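Enquirer: my questions are about this predicted structure, shown below with the sequence.
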Amino acid sequence: MAGSSHGHTPAAWTGVIIAFIGFCVSGAFTVMAQPIGFWAGMVIIALGGVVGGIMRVMGLGQPKTASRSAHQPAGATES
């Protein structure tokens, strides 16, 4: 996957960072036995997916190219 730049976009990084913060919040509130905080963390996790998706639609995600298949490395050519 290193040759395809998979996930190396602002949309991917932002979505993952927001989701990671949500996991940390949920984990902390789970240990503290606070269900409201746990569910707030779950909402933050979902927000990460929404924000990443919106950013991808805005053009900050991986560009879609129809010239190569999903299983073909970036530098390879079809024969």
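Expert: Nice, I can see it.
Enquirer: what about the protein, any weak spots by pLDDT?
Expert: Counting by pLDDT under 70, the chain has low-confidence residues at 1-7, 66-79.
Enquirer: ok, now with 90
Expert: Under the criterion pLDDT under 90, the flagged ranges of the chain are 1-12, 55-79.
Enquirer: report the buried residues of the helix or strand encompassing residue 54.
Expert: Assigned by DSSP states H and E, residue 54 belongs to helix 35-55. If you call a residue buried by 16 or more other Cβ atoms under 10 Å, then helix 35-55 has these buried ones: 38, 41, 44, 45, 48, 51, 52, 55. Yep, even glycine has a C-beta here, placed from its N, CA and C like the rest.
Enquirer: quick one: contacts for the fifth one?
Expert: Contacts for residue 48 (Cβ atoms under 8 Å, 6 or more residues apart in numbering) come out as 14, 15, 16, 17, 18, 19, 20, 21, 22.
Enquirer: just to revisit the earlier point, can the buried residues of helix 35-55 go into a markdown table with extra columns for distance to residue 29?
Expert: Formatted as a markdown table, those follow (distance: Cβ to Cβ, whole Å):
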| residue | distance to residue 29 |
| --- | --- |
| 38 | 4 |
| 41 | 6 |
| 44 | 11 |
| 45 | 13 |
| 48 | 17 |
| 51 | 21 |
| 52 | 23 |
| 55 | 27 |
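Enquirer: follow-up on the earlier one: okay, the helix holding residue 54 in PDB with CA atoms only?
Expert: C-alpha atoms of helix 35-55 as PDB (Å, rounded to 0.1, in the frame of the first residue of the first chain):
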ATOM      1  CA  PRO A  35     -21.900   6.000  30.800                       C
ATOM      2  CA  ILE A  36     -22.700   9.600  29.500                       C
ATOM      3  CA  GLY A  37     -19.000  10.300  28.900                       C
ATOM      4  CA  PHE A  38     -18.600   6.900  27.200                       C
ATOM      5  CA  TRP A  39     -21.500   7.700  24.700                       C
ATOM      6  CA  ALA A  40     -20.100  11.200  24.200                       C
ATOM      7  CA  GLY A  41     -16.900   9.500  23.100                       C
ATOM      8  CA  MET A  42     -18.800   7.300  20.700                       C
ATOM      9  CA  VAL A  43     -20.400  10.300  19.200                       C
ATOM     10  CA  ILE A  44     -17.000  11.800  18.600                       C
ATOM     11  CA  ILE A  45     -15.900   8.600  16.900                       C
ATOM     12  CA  ALA A  46     -18.900   8.800  14.500                       C
ATOM     13  CA  LEU A  47     -18.100  12.500  14.000                       C
ATOM     14  CA  GLY A  48     -14.600  11.600  12.800                       C
ATOM     15  CA  GLY A  49     -16.100   9.400  10.000                       C
ATOM     16  CA  VAL A  50     -18.600  12.200   9.000                       C
ATOM     17  CA  VAL A  51     -15.800  14.900   8.900                       C
ATOM     18  CA  GLY A  52     -13.500  12.600   6.900                       C
ATOM     19  CA  GLY A  53     -16.300  11.800   4.500                       C
ATOM     20  CA  ILE A  54     -17.200  15.500   4.100                       C
ATOM     21  CA  MET A  55     -13.600  16.400   3.500                       C
END
